[in-house]
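Q: predicted model, plus sequence, below.
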Amino acid sequence: MKNIKFLWVVLFAFLIQFTAISQGTLSLKINEVMVNNDSTLVDNYGNRSGWIEIFNPNYYSANLEGMYLTNDTTNKTKYSITKNDPSTAIPARGYYVFFADNKPYRGTQHLNFNLFESDYVALYDADGKKLIDFFVIPDEIKQIRNLTFGRVIDGEEEYGVLSRYTPNNPNDWVDKISKSQEIANIDPSGVGMILISMSVVFFCLILIFFLLKVFQLISIHGLSFKMFSKKAPIDSNSIEIKGEKTESTTKEKNETSGEVIAAIGMALYLFANQFHDEESEIITIDHTKRAYSPWGNKHLVMKKSSLKTTK
């Protein structure tokens, strides 16, 4: 029973996924077209030709495999997109560009027609009957070089001549102005920037001055602050009787006693005498008993014996 339920869940998930994929391909859009490509996009062979951009408006991938592109109303299946090329899977919010150079033998991206002879371009589903999207090509972009025509906003229904060509990029792309350029536009003379920078410097100097003053006050009055914050210890030399406070007449003896002085003197004397030993001034000279080494005597004996043997 559990296995049957599991199979039903898998089948249901597969159907949902298949439905999502099929709906994703039906929402593909022909997004941008350029007919007279003189100095813009280059194909993988280094050539320039007209091109068509397909846009996937979904937030999941959609595959072009098995679908058809055509520029002929009587032939809906003029160019069949191969099913064996993984690059035809367009990612979420992604793009795919076809080159209309009439050279299909160069790969999947190369169509078997060109756009100079076309009045419109259409994208059909894999059954060759269901129209997914079509695009009417105006005559003006055929005559002007590098002029692109397409949807003003990706996937939307508003068409027009675009300010710049944007293959594989959003059609409503706008040049971003740098921060330095924004500042230059607001303050062309630079006076405002100088005033702001000098104000910041002086503010920092004043802040540092006050911080140093605060730290100085804390360091001076820190001890007194601690004394007031803690309970004062009881002084054994002061006695409070009926609201009157009397202090003892005993004073701390700041004078050094004689025993301490004697001990310091003895220590200095011992320290000074430890560097010099008592030495005798008598010099004693001892004469050696032998004027030569016993090894020398042995040498002479060996030499004499050698002379005797030679005689």
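A: Cool, the structure landed.

Q: where does the chain dip in pLDDT?
A: Within the chain, the ranges that satisfy pLDDT under 70 run 1-24, 174-178, 222-256, 274-311.

Q: what segments of it are helices?
A: Taking DSSP state H, the helices of the chain run over residues 2-26, 140-143, 179-186, 191-229, 258-273, 294-310.

Q: list the buried residues for the fifth one?
A: When you say that, I think you mean helix 258-273. Neighbour-count burial for helix 258-273, counted by 16 or more other Cβ atoms under 10 Å, picks out no residue. The way it works is simple: take the backbone N, C-alpha and C, and place the C-beta from them, glycine included.

Q: now Lys142. Nearest residue, chain neighbours left out?
A: Nearest residue to Lys142 in three dimensions, chain neighbours excluded: Val35, at 4.7 Å (Cβ to Cβ, 6 or more residues apart in numbering).

Q: the closest residue to Gly192 other than its chain neighbours - how many residues pack around it?
A: Leaving aside its sequence neighbours, Gly192 sits nearest to Ile186 (Cβ to Cβ, 6+ apart; 7.5 Å). Ile186: 9 surrounding residues under other Cβ atoms under 10 Å.

Q: use 576 as the first number from now on
A: With 576 as the first residue, the last one maps to Ile761.

Q: next up, the contacts around the residue nearest to Lys717.
A: Counting by Cβ atoms under 8 Å, 6 or more residues apart in numbering, Val610 touches 625, 690-691, 693, 712, 716-717.

Q: check these against Leu843 and report the nearest one.
A: The closest of the contacts of Val610 to Leu843 turns out to be Gly625 (Cβ to Cβ; 108.4 Å).

Q: my understanding was that the closest one contacts Thr615; is that so?
A: No. Using Cβ atoms under 8 Å, Gly625 is not in contact with Thr615; the gap is 10.2 Å.

Q: how close does the residue nearest to Gly767 sit to Phe724?
A: 36 Å (Cβ to Cβ, to the nearest Å).

Q: now Lys788
A: According to Cβ to Cβ, Lys788 stands 70 Å off from Phe724.

Q: between the two, who's got more neighbours?
A: Just comparing Lys788 and Phe724: by other Cβ under 10 Å the higher neighbour count belongs to Phe724, 20 against 10.

Q: skip the chain neighbours and tell me the closest residue to that one.
A: Per Cβ to Cβ, 6+ apart, closest to Phe724 is Ile716, 4.7 Å.

Q: and Gly725, how many neighbours does it have?
A: 24.

Q: now for Ser693: which residues touch it?
A: Shown in contact with Ser693 (Cβ under 8 Å, 6+ apart): 610, 646, 675, 712.

Q: out of the residues you listed, which sit inside strands?
A: Judged by DSSP state E, the contacts of Ser693 include Ala675 as members of strands.

Q: widest-spaced pair of the contacts of Ser693?
A: Checking those with Cβ to Cβ, the most distant pair is Val610 and Asn646, at 11.2 Å.

Q: any shared contact partners between these two?
A: By Cβ under 8 Å, 6+ apart, Val610 and Asn646 have these common neighbours: 690, 693.
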